[in-house]
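>>> coordinates for the following, if possible.
(chains A, B, C and D)
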2 protein chains.
Amino acid sequence: MKKQLQPIDAEALLQEHGFKKTPLRIMLLEVLSLSPIPLAVKTLQRKTKKVGADPSTMYRALNAFIEAEIVQAITVDKTKVLYELVQTKNHMHHIVCDSCNTVESIPFCVKNIDQQAINMSRLFKKIYSHQLAFVGTCRKCLRTVR
Amino acid sequence: MKKQLQPIDAEALLQEHGFKKTPLRIMLLEVLSLSPIPLAVKTLQRKTKKVGADPSTMYRALNAFIEAEIVQAITVDKTKVLYELVQTKNHMHHIVCDSCNTVESIPFCVKNIDQQAINMSRLFKKIYSHQLAFVGTCRKCLRTVR
DNA sequence: ATACAAATGCAAATGATTTGCAATAACATA
DNA sequence: TATGTTATTGCAAATCATTTGCATTTGTAT
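A predicted model of the protein is given here:
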């Protein structure tokens, strides 16, 4: 059972949010929508090199999308920032491979988890959201001897 | 029921790991052990300013501690890196306040969560650990009108 | 007391991300 | 279709956190 990747109508999405349909922004959304995993800025630059945008332009686009809640940034370790489309349908969590660093997003929900956390907390009274990340070894790396 | 903070024997800990007992490293471990929340580098610099260490020295000490698994770094959002002592006794998760950014660590465990994640995953076969972070509003900020 | 390795301070390098500004491209509308 | 407004872009420079090289100092074992 493979994950279905529905390609997004990037132009429509840009329009809905009042953005102009520029080559970079269109391609950026397409690349993100076609990726089964969250992507680093470097990867995005490589995958959109056809439109040849400046790094600053890339960051501005990503930040605009984050502001508009089209895209979200996730941080899996101290330094690595990855971007992915916001999935409105299901709430996603992540698994990172400790060997090749691939990150997979998985729809996943633990019932009452926010309430359980509140119950343990001394300082908090209200929780809006949570992030859950797993670290493991992907099938491919398990196969590779190292 | 307040959280008990057992002050650590910093010198013993350094010795166990073959580190030299320098003023910065001793104080750093003491500060971390006395904090109920993970701390940013800036905060650590402020709290250890009595020993007046260079930022590079601070980073080298933190990285050495991470390498030795005495300390762990957590990243709650795109940019913010926080450090805390590794809690061997209980596995901790975090709640971040969306208003004042305070981070609280809470002992917390969801049964079978790793297995549940594996079951949802297409790419992963083995999970070693997970991190769970909540975003909410702390009691103090809930009281403050803004 | 001596000697060796680890830890430090300082300055400079790095690397990711942001910003100012002038030029350009997209869009609305006339 | 032409035109004006505004968002978007490229470029260069600024920022900011973190790392590194190197000479010096400090801790520790002998």
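>>> how about the contacts made by A:A53?
Contacts for A:A53 (CB atoms under 8 Å, 6 or more residues apart in numbering or on different chains) come out as A:L24, A:Q45, A:A61. C-betas here are computed from N, CA, C, even on glycine.
>>> if we go to 7 Å?
A:A53 makes contact with A:L24 under the criterion CB atoms under 7 Å, 6 or more residues apart in numbering or on different chains.
>>> grab the most central residue of chain A for me.
Chain A has A:E84 as the residue nearest its centroid, 2.4 Å off, counting by CA atoms, centre = their mean.
>>> and the top strand by length along chain A, what does it pack onto?
Among the elements of chain A assigned as strand by DSSP state E, the one spanning the most residues is strand A:124-138. Using 3 or more CB pairs under 7 Å, 6 or more residues apart in numbering or on different chains; DSSP states H and E as the contact criterion, the neighbours of strand A:124-138 among helices and strands are strand A:92-97, helix A:113-120, strand B:124-138, helix B:139-143.
>>> and the strands in chain A?
Applying DSSP E to chain A gives strands spanning A:39-40, A:71-75, A:81-85, A:92-97, A:103-107, A:124-138.
>>> show me what from chain A comes close to DNA strand C.
By CB under 7 Å from any atom of the strand, the residues of chain A that approach DNA strand C are A:14-15, A:20-23, A:41-42, A:55-56, A:59-60, A:63, A:81.
>>> if we go to 6 Å?
Within chain A, the positions lying close to DNA strand C (CB under 6 Å from any atom of the strand) are A:K20, A:K21, A:T22, A:V41, A:P55, A:S56, A:Y59, A:R60, A:N63, A:V81.
>>> how about JSON lines for the strands of chain A, with mean pLDDT added?
Formatted as JSON lines, these follow (pLDDT from 0 to 100):
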{"stretch": "strand A:39-40", "mean pLDDT": "90"}
{"stretch": "strand A:71-75", "mean pLDDT": "85"}
{"stretch": "strand A:81-85", "mean pLDDT": "89"}
{"stretch": "strand A:92-97", "mean pLDDT": "78"}
{"stretch": "strand A:103-107", "mean pLDDT": "80"}
{"stretch": "strand A:124-138", "mean pLDDT": "78"}
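>>> any idea which of those strands is most buried?
Of all the strands of chain A, strand A:92-97 carries the top mean neighbour count, a mean of 24, counting by mean count of other CB atoms under 10 Å in any protein chain shown.
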